[in-house]
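> sequence plus predicted model, see below.
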Amino acid sequence: MRRYSFKHSSILGAAAAALILFMTIGTLGAVIYRADGLTGISAQDWHVIRFTLTQAFLSALCSILFAIPLARALARRAFFGRSLLISLLGAPFILPVIVAVLGIIGVFGNNGIIAKSLNIPTSIFGFHGIIVAHVFFNLPLATRLILQGWQAIPSESFRLAASLNADCRKVLERPMLRAVLPNAFLVIFLICLSSFAIALTLGGGPKSTTIELSIYQAFRFDFDLSKASLLGIIQVIICAMTVLVLLKITKPQEPTTGLDRPVEMWEKPHPVLDVLWIVSAFIFLAAPIAVIISDGIPQILNLHSSLWPAAIRSIWIALLSAFMSLFLSLCLATWIVSLKTKGKWIEFIGALPLATSQLVIGTGLFIIIFPFIAPYELALPITATVNAIATIPFCLRSLVPAIRDAEETFGKLSDQLGLSGYARYKILIAPRIKRPMGFCIGLSTALSMGDLGVIALFAQPGGGTLPMAVYSLMSAYKMEEAASGALLLILLSFVLFWIFDQWGRKNAHS
Amino acid sequence: MKLSFTSMAGLLFAALSSNAQADPLTVYAPDYFASEWGPGPAIKAAFEAKCDCDLNFVTGDVLPRLLLEGKRTKADVVIGLNTDVTHRARETGIFANHGLNTDNLTMPIEWNDPDFIPFNWSYFAFIYDNQKIKNVPQNFEDLIAMDDIKIVIQDPRSSVTGLGLLLWIKSIYGDGAEQVWQRLSPKILTVTQGWTESYGMFTDGEADMVLSFTTSPAYHLIAEDDDTKSAAIFDEGHYFMAELAGKVASTDQPELASAFMEFVLSEEFQSLIPEGNWSYPAKLEAQKLPEKFNLLGTPQKTLLYSPEEVQQIRKEAVSEWLSALSQ
């Protein structure tokens, strides 16, 4: 019965998995093919690999450690503006790196807000700077992923535990964290693994070179494709090993059947601590954004007219890639759930884009496309597709547990009712995954808005996106106008993210 | 989902149909050159008015792109290479001799490259705020000796300016370069991947000095009417950089490409450079420069390696730099 109902999902799922494999491993293969042969790894490369792993590990660890109390506080406190705050949590993640880095320096640098207002010399440059920046970028994502875990515990369970006088932490929260944390850690570790300009800029010098930066250097100056492919392979191997370890140790969150209603507030100990966490996280995340906003305001009314077409192009690409990403992720997620334990392997494929270098993908596609058609003619669809693939891992993280939950809870009933195919999706799945769906579309839209990545290889003048325009303005010394462009970018990304995220949360359980 | 696939098809169609016009002249150029805010659009308009043709810029990292495309490149002309990467560019074998007379250029060096012509030039220099720094360093020794100064530079493995500083120090100190880097290292606030991030940090006030060009203050003087930014002129001399254009041998429009190469050295093109690319034009008499260019500091001594020397030195110089700054 079960297998029958998932027939379509396996075809679509397999197609989505094949597309991901092509875009990640396939493009890497094209670069290797073009490189004729691989060179060995130098001592400098080993240093780079070690450094990359260390900073990614510590960044992920710190992000998770701060995210747990924050998510807990957000899960159990109701206050005015809570929903806006949760949406705001998406903001750092969607900033173009260069803009965010300047914002962080504006707060923590030696000419930043902290140094000026407290009159103490501070320096953001060094290993700690990398960690601060990565936590700034990833704490919100970690919080969202963990918060979803909390929200997946039915309120009935909390009530039951309370009436039995059981320790909620022990019987409910710890098992949930054990299921959710490894996943959150993995995602952030992998994001930081392919960190590019943050590490060098905030790390303060060449000892803070990451693999991704080395790949860029190999392409950009040395045009050493062998080295680029070798490093690309190493990145994929590290990613594969991480995911394998994780698949071994992860236990999926045990689905608990409740009345399928949102979490209600339960006993609330330590209000002071919760408030402290929320306030300090808000300040930490909002300050750099406030700097960017205040830098951008002076020129915002005199925005260069050509920023608007770039903005519209960006929105267009972002929406296109978000819906592609959602569609592909849904296909994969339903397939993963239907495969039960074997689904882990598909989850593995779904995580690949996280650790694949955008430059390798871009260059590989360029090599594949160039013999047939001028690559810039496909700039928009290529950019949208690459962005869609890049956001699949995030969507899977939140869709798979939600779908699994719905299937475990109501799957048998649906089987008995003979629900299958699209009807099953529409009646059983869709209403229960609106929240993660909204989050997915919102996040993919916003991520794609802020992305410089691959379009730089393909775009032609007048065909660039808003982040490219911001960068071009900076390159032309127009720092103030660039700041306004960045502000426009933040506003647009945030509004798009907010619209979809709200849609998901409003419609959840309706 | 249906929507997005239809739109994608629509995009594809639009992209394909826009290509239907008669053969345009395809010019590969860096983003900053061809962007709305660079000299590109004015140059395109001026040339199109003369040639009755279409000029299309294709932007991106010019050299990696050429290397990736090799002899199959669709470029007719390439603009925006520079003197430190010409060796590698020449090795591709895709460039044709320009055949132009480069005797009467307005540059501080002789030019006799058969393949590439320069279109603008400048010197690498550290830019500072003259309201804050009164005791301006006269050379690298002064810079190293300065208290409480933080400079931002760029990575020579990923940026033209970063490579420029590497060669600048190497050309003055030779084997002693690594030591100079070690002593300079405490003054370096950070190293960025490209010029843009560094310059942003400087204008934000995070760094006291930034590695840029002697012509950078021209932007602030002319566009912002701000005379607080100056270039520190070193008595040891400054490393020189010219940006170049070259004609692709396999072009299907040789006449048009040659016409563009000639146009590059014409007064019309050259007079767009000072305020378009904020550097010195390669062939324009000093009196035709914007008046405020006279306010720029000019080095007494010009330093430059030949493309072949750069090719020989670069690897070793980069590893010296790495070991000095990684300590």
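Everything's here; your move.

> which parts of stretch B:166-180 are buried?
By neighbour count on 16 or more other C-beta atoms under 10 Å in any protein chain shown, the buried set for stretch B:166-180 is B:Leu166, B:Leu167, B:Trp168, B:Ile169, B:Lys170, B:Ser171, B:Ile172, B:Ala177, B:Glu178, B:Val180. In this view, the C-beta of every residue, glycine as well, is placed from N, C-alpha and C.

> so which of those residues are in helices?
Counted as lying in helices by DSSP state H, out of the buried residues of stretch B:166-180, are B:Leu166, B:Leu167, B:Trp168, B:Ile169, B:Lys170, B:Ser171, B:Ile172, B:Ala177, B:Glu178, B:Val180.

> got these as CSV, with pLDDT and distance to A:Ala402 columns?
CSV is the format used below for these (pLDDT from 0 to 100; distance: C-beta to C-beta, whole Å):
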residue, pLDDT, distance to A:Ala402
B:Leu166, 96, 53
B:Leu167, 96, 56
B:Trp168, 97, 58
B:Ile169, 97, 57
B:Lys170, 96, 59
B:Ser171, 96, 62
B:Ile172, 97, 63
B:Ala177, 95, 59
B:Glu178, 95, 57
B:Val180, 96, 59
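
> from those residues, pick the one nearest chain A.
Nearest to chain A out of those is B:Leu166 (C-beta to the nearest C-beta; 11.5 Å).

> ok, the closest one - contacts?
Neighbouring residues of B:Leu166 by C-beta atoms under 8 Å, 6 or more residues apart in numbering or on different chains: B:Pro156, B:Arg314, B:Ala317, B:Val318, B:Trp321.

> closest one of the ones in helices among the buried residues of stretch B:166-180 to A:Asp405?
Each of those was checked against A:Asp405 using C-beta to C-beta; the closest is B:Leu166, at 56.5 Å.

> what's the local residue count around the closest residue to that closest one other than its chain neighbours?
Nearest non-adjacent residue to B:Leu166, counting by C-beta to C-beta, 6 or more residues apart in numbering or on different chains: B:Pro156, 4.2 Å away. Number of residues near B:Pro156 (other C-beta atoms under 10 Å in any protein chain shown) recorded here: 24.

> turn the ones in helices among the buried residues of stretch B:166-180 into JSON lines, including distance to A:Gly126.
Shown next, in JSON lines, are those (distance: C-beta to C-beta, whole Å):
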{"residue": "B:Leu166", "distance to A:Gly126": "23"}
{"residue": "B:Leu167", "distance to A:Gly126": "28"}
{"residue": "B:Trp168", "distance to A:Gly126": "26"}
{"residue": "B:Ile169", "distance to A:Gly126": "24"}
{"residue": "B:Lys170", "distance to A:Gly126": "27"}
{"residue": "B:Ser171", "distance to A:Gly126": "31"}
{"residue": "B:Ile172", "distance to A:Gly126": "29"}
{"residue": "B:Ala177", "distance to A:Gly126": "25"}
{"residue": "B:Glu178", "distance to A:Gly126": "23"}
{"residue": "B:Val180", "distance to A:Gly126": "23"}
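
> just those now: which is nearest A:Gly149?
Nearest to A:Gly149 among these is B:Leu166, at 49.8 Å by C-beta to C-beta.

> that older thread, of the contacts of B:Leu166, which belong to helices?
Of the positions in those, B:Arg314, B:Ala317, B:Val318, B:Trp321 sit in helices, assigned by DSSP H.

> wait, the first one sits on B:Gly162?
I take that to be B:Arg314. No: applying C-beta atoms under 8 Å as the test, B:Arg314 and B:Gly162 come out as separate, 11.6 Å apart.

> ends of stretch A:217-234, how far apart?
16 Å (C-alpha to C-alpha, to the nearest Å).

> quick one: distance of that stretch to the chain centre.
On the basis of C-alpha atoms, centre = their mean, to the nearest Å, stretch A:217-234 sits 25 Å off its chain's mean C-alpha point.

> what does it contact?
Residues from elsewhere that reach stretch A:217-234 (C-beta under 8 Å, 6+ apart): A:28, A:31-32, A:34-39, A:41, A:45, A:49, A:211, A:214-215, A:356-357, A:359-360, A:363, B:61, B:63-64, B:67-68, B:88, B:155, B:157-158, B:163.

> buried ones among those residues?
Applying 16+ other C-beta under 10 Å to the contacts of stretch A:217-234 flags A:28, A:31-32, A:34-35, A:45, A:49, A:211, A:214-215, A:356-357, A:359-360, A:363, B:61, B:63-64, B:67-68, B:88, B:155, B:157-158, B:163 as buried.

> domain assignment for chain B?
According to automatic domain parsing, chain B comprises the domains B:21-121+B:241-295, B:123-240+B:299-325.

> the first one close to chain A?
Yes: Domain B:21-121+B:241-295 comes into contact with chain A (C-beta under 8 Å from any C-beta of the partner chain), by way of B:31-32, B:34-38, B:40-41, B:56-61, B:63-65, B:67-69, B:72, B:74, B:88, B:278.
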